[in-house]
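*Asks:* only geometry, no sequence info:
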Ligand SMILES: [Zn+2]
């Protein structure tokens, strides 16, 4: 099994209230020339948790940390005028927290972070992730919100 040091929370950087699924993200990521969806889990507006890439496989969601992390993504993260916004529905909030609790059971040493908590250019190659608003993602302070899950 991979060593998992981080559970990384993302948003899909889509407008609030718009329904998308893991299949949509899979298509978008393939259009970018990737092998398919870069996240391991996707949380839909109604709280449904869909599986993306298998946990055993290295994801494509956080530059420099894909090898030792799992990526979870909720649908949303942008306001109607496309500014970063915490658009999580109550069902998404609950499902996301439960998913993180389950993953913490499985990977007790993993720390929970938001995408934005990682440096954009940690490996110093000058490349910033092209596929989303990494500076704002997931549009809320995941580190702060889940701190208690990690203690
Ligand atoms: Zn992200």
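*Replies:* Yep, that arrived. What you see is a predicted model; the values in this text were computed from it and never measured.
*Asks:* report the separation between residue 45 and residue 78.
*Replies:* Distance of residue 45 to residue 78, given as Cβ to Cβ, to the nearest Å: 13 Å. (C-beta placed from N, C-alpha, C; glycine too.)
*Asks:* residue contacts, residue 107?
*Replies:* For residue 107, the contact set (Cβ atoms under 8 Å, 6 or more residues apart in numbering) comprises 4, 7, 70.
*Asks:* okay, the last one: pLDDT?
*Replies:* pLDDT, the model's per-residue confidence, is 98 for residue 70.
*Asks:* ok, now the first one?
*Replies:* Among the per-residue scores, residue 4 holds a pLDDT of 97.
*Asks:* hmm, residue 66 and it touching each other?
*Replies:* No - at 11.2 Å, residue 4 does not count as touching residue 66 under the criterion of Cβ atoms under 8 Å.
*Asks:* what about the nearest residue to residue 84 once chain neighbours are set aside, how many residues nearby?
*Replies:* Among residues not flanking residue 84 along the chain, residue 136 sits closest, at 3.5 Å (Cβ to Cβ, 6 or more residues apart in numbering). Residues near residue 136, counting by other Cβ atoms under 10 Å, number 18.
*Asks:* tell me the contacts of residue 136?
*Replies:* Contacts of residue 136 (Cβ under 8 Å, 6+ apart): 77, 84, 116.
*Asks:* one more: residue 116?
*Replies:* For residue 116, the contact set (Cβ under 8 Å, 6+ apart) comprises 134, 135, 136, 137, 138.
*Asks:* next step: the residues you listed restricted to strands.
*Replies:* Residues of these located in strands (DSSP state E): none.
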